[in-house]
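Participant: 3D, please:
(2 chains)
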Amino acid sequence: MLLIKNGRVVDPASGTDATLDVLIVEERIERVGPALAAPGTEVFDAAGLVVAPGFIDLHCHLREPGGESSETIETGTRAAARGGFTAVCPMPNTRPVNDNAAVTRFILDRAAAVASVRVWPIGAVSKNSGGETLAEIAAMQQAGIVAVSDDGRPVATARLLRQAMEYCLPLGLPVVDHCEDPSLAAGAVMREGPRSIRLGLRGMPAATEAICVARDIQIAELTGGRLHIAHLSTRASLELVRAAKRAGLAVTCEVTPHHFTLTDEDVTYDARYKMNPPLGSRADREALLAGLADGTVDAIATDHAPHEPALKEVEFDRAPFGITGFETALALALEQLLHTGRISLLRLVELFTTGPARVLGRHRRIAPGEPADLTIFSTELEWTFRADQSASKSRNTPFDGRSFRGGPVATIVAGRFVWQR
Amino acid sequence: MRVSVPERIRHLLDIESLSAEQIAALLDQSKPFQEIQRMPLKKLATLRGKSVAIAFFEPSTRTRISFTTAAARLGADTMQLQAEASSLKKGESLLDTVYTLEAMKPDCIVIRHSASGAPHFVAERLPVPVINAGDGTHEHPTQALLDALTIRDRKGRLEGLHVTILGDVLHSRVARSNIHLFTKFGAHIRLCGPPMWVPRELECLAPNLTRVPHLEQALEDADVVIVLRVQLERIHEPSLPLEEYVLQYQLTEARLRRARPDAIVLHPGPMNRGIEIEPAVADGPQSCVREQVTNGLAVRMYLLYLLIGGAPIDSPGAAHAAD
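Facilitator: I've put the predicted structure just below:
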């Protein structure tokens, strides 16, 4: 038994934002209410802290199997716990690709043995994410996947996307797409614009993403399927999603902390600024901030993409795309969204909890009988992020050394503390 | 107080980060090294005992020979690293390669690389001065300095000149360095070439920079015309037929008449005669191509001298090698 006392319970599902106690018995929430008493119970004093439903990260890379020198399920989920996440969705671009139930089971078996937080794998849309034929989606679902994606690349053709969305409809699985037009993205290492011209780096125009988002939305309309746009990064893409939602289509999207924090003007020859989609323009960032505020964006997702130092310590052109993100996500959201007054605390919590849960067709709330997955954080705590103290095996983040106001304090999964500051 | 003395440079990575004062000083100090090229005895002893690593991760003959000769004329030894011959093909990383070079204790590293920013990457990690001999599609600072020296010799100034840069500006490191250099001195630059190679964003690079779509207009009253090399290997971008390029953008004698009568023509070499430049222009009285090569030696000698910090030179004669 665990009693969390005096916390500011913020629960978007019920609209609750009040000082309440939460009593946990074994793996579930037993009671929520003011001034609960449970003599002899372990007490966590959450005075001055926010108690939220457990955070869900819809988009990450744990690199296992196949990329264990950059991350493992053990190290990645430990970093996730330090970021306040209680469930993370690893993308299928492992080696081998998670395109069949055996790989899914391997991931979940490893997770059961070593993971700090819940692991909800995403399976491939197509075999080997090769864009040709559908992967064994139903078998993977029975093994435990929560969505499908060929992340790292877009679903190759409109035809394949159509088949995937039709096939996944009765399964209730969302199709998550990494949207880019491959011909415009070919060889590009950052966003095309004044900065790419100045640095002499090949850029992809903003249209690279929106062209594919437009295609996907047409297929969503055609099939009535569930479409989720991964790491949406441009103003034009956001407007397409906004219009699709207004038209009543089942289209959702996520935005990463780095895209709402940085722009292409921050890019240097340091490969820690190289990710895909690349950092956008100021106008894109403004549009994302507006979309996070007005409800167009459903979730904040990290796209945690660890790469061991040897891979990133190279010429910008040769470095792989991606940065780590678990441990800075909440702090960046507080910095960019809450402390600037752009959104309420309730909305911020929604973006990490009920928002991503809805994308997966799940719910998330602090109520009796619910799994005791809770994220406890401070909006005021002063701290500095040090990449060399990260739980991740990798160090590839542009936020090393950044000072923050507010961040995770404790993470509870199934009634147990998996991390405390 | 010597407040007017420009800050001393440690590396030469790009033109963009230099001030006009620093560039003017570099050009002024290169003058004595121009004279050396005209002397019967061209070798100094000022860098005797020093060594220069010439690390070219991309094929090049002319720039390599220029730097190698510059080092030799200062009395320095050179260590040559060629991409083809190195372990790069065996998968060694740039970092490992430069650490290996560094272990041989060069006093300066001259680097050419196909990736933009590679010299910056090296300079951040090594204690040795680094000279960028051309990085990807970013900059080629010594080319811009030798171009500026050539233009100052012929025109007496850079200020207020009308410079036309012609060709594949987008992929040209020569163009970027020249744009940064000339605009710092208040020159007016017109860019002309196939539109996909002269994108709008180029105008953000510097003030006094305009794109002019038609060559005839771009040449009107120009003082200087810089013809960029058509990188035949680069015409993989949704390819433009070479005939189209010649038709619209070749610098011909007839077109050059639009420029001022005393206009000069520069080309970074090697030239594709009959493609970006008509042979009659390349060999004509307005062409400065050979001076550019000689001035390249002078600029590179001075930079090696400056960055390595050789024995003082009062006058070129006084510093002449005894041996």
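Participant: quick check: beta-bridge partners of the closest residue to B:Arg200 other than its chain neighbours?
Facilitator: Closest residue in space to B:Arg200, ignoring its immediate chain neighbours: B:Arg211 at 7.2 Å, by CB to CB, 6 or more residues apart in numbering or on different chains. Backbone N, C-alpha and C define where each C-beta goes, glycine included. For B:Arg211, the beta-bridge assignment (DSSP bridges) gives partners B:Leu191.
Participant: for B:Arg211, give me its contacts.
Facilitator: If you count contacts by CB atoms under 8 Å, 6 or more residues apart in numbering or on different chains, B:Arg211 has them with B:190-192, B:198, B:200, B:202-203.
Participant: phi, psi of the most centrally placed residue in chain B?
Facilitator: In chain B, the centroid-proximal residue (CA atoms, centre = their mean) is B:Gln143; its distance is 0.9 Å. Per-residue torsions, B:Gln143: phi -60, psi -40 (degrees, to the nearest 10).
Participant: these two touch, right, it and B:Arg176?
Facilitator: No - the pair formed by B:Gln143 and B:Arg176 falls short of the contact definition of CB atoms under 8 Å, at 10.2 Å.
Participant: so what touches stretch B:178-186?
Facilitator: Contacts for stretch B:178-186 (CB under 8 Å, 6+ apart): B:14-16, B:18-20, B:23-24, B:139, B:143-145, B:147-148, B:158-161, B:163, B:165, B:189, B:191, B:202, B:205-209, B:226.
Participant: what do you get for stretch A:287-300?
Facilitator: Under the criterion CB under 8 Å, 6+ apart, residues A:56, A:58, A:228, A:232-235, A:238-239, A:241-242, A:245, A:252-257, A:259-260, A:280, A:329, A:333, A:336-337, A:342-343, A:347, A:351-352, A:355-356, A:358-359 lie in contact with stretch A:287-300.
Participant: give me the buried entries from the residues you listed.
Facilitator: A:56, A:58, A:228, A:232-235, A:238, A:241-242, A:245, A:252-257, A:259-260, A:280, A:329, A:333, A:336-337, A:343, A:347, A:351-352, A:355-356, A:358-359 (16 or more other CB atoms under 10 Å in any protein chain shown).
Participant: look up how far B:Leu166 lies from the residue nearest to B:Arg200.
Facilitator: Distance of B:Arg211 to B:Leu166, computed by CB to CB, to the nearest Å: 12 Å.
Participant: with A:Val103 instead?
Facilitator: 56 Å.
Participant: neighbour count winner among those two?
Facilitator: Neighbours per residue (other CB atoms under 10 Å in any protein chain shown) separate A:Val103 from B:Leu166, with B:Leu166 holding more: 28 against 25.
Participant: residues from the stretch 251-400 of chain A in reach of chain B?
Facilitator: Proximity of the stretch 251-400 of chain A to chain B, by CB under 8 Å from any CB of the partner chain, involves residues A:268-269, A:310, A:313-318.
Participant: A:Ala329 contacts A:Pro257, correct?
Facilitator: Yes - counting by CB under 8 Å, A:Pro257 is a contact partner of A:Ala329 at 4.9 Å.
Participant: overlap in contacts of the two?
Facilitator: Residues touching both A:Ala329 and A:Pro257 (CB under 8 Å, 6+ apart): A:300, A:302.
Participant: sorry, back to before: so who does the residue nearest to the centre of chain B touch?
Facilitator: Listed by CB under 8 Å, 6+ apart, the contact set of B:Gln143 reads B:63, B:134, B:173-174, B:177-178, B:268, B:296.
Participant: swap in 6 Å and give it another go.
Facilitator: Taking CB atoms under 6 Å, 6 or more residues apart in numbering or on different chains, we find B:Gln143 in contact with B:174, B:268.
Participant: what about it, distance to chain A?
Facilitator: Counting by CB to the nearest CB, to the nearest Å, the gap between B:Gln143 and chain A amounts to 14 Å.
Participant: please tell me the pLDDT value assigned to the residue nearest to B:Arg200.
Facilitator: We note a pLDDT of 98 for B:Arg211 in this prediction.
Participant: burial of whatever residue of the stretch 51-200 of chain A ends up closest to chain B, as a residue count?
Facilitator: Going by CB to the nearest CB, chain B is nearest to A:Gly200 of the stretch 51-200 of chain A, at 3.1 Å. Using other CB under 10 Å, A:Gly200 has 22 other residues around it.
Participant: quick check: it touching B:Ser114?
Facilitator: No - using CB atoms under 6 Å as the test, A:Gly200 is too far from B:Ser114 to be in contact (10.9 Å).
Participant: name the residues contacting each of these two.
Facilitator: With CB under 6 Å, 6+ apart as the test, A:Gly200 and B:Ser114 both reach B:Gly136.
Participant: touching chain B at all, the biggest helix by length in chain A?
Facilitator: Using DSSP state H to define each element, chain A has its longest helix at helix A:207-223. No - applying CB under 6 Å from any CB of the partner chain, one finds helix A:207-223 separated from chain B by no less than 13.8 Å.
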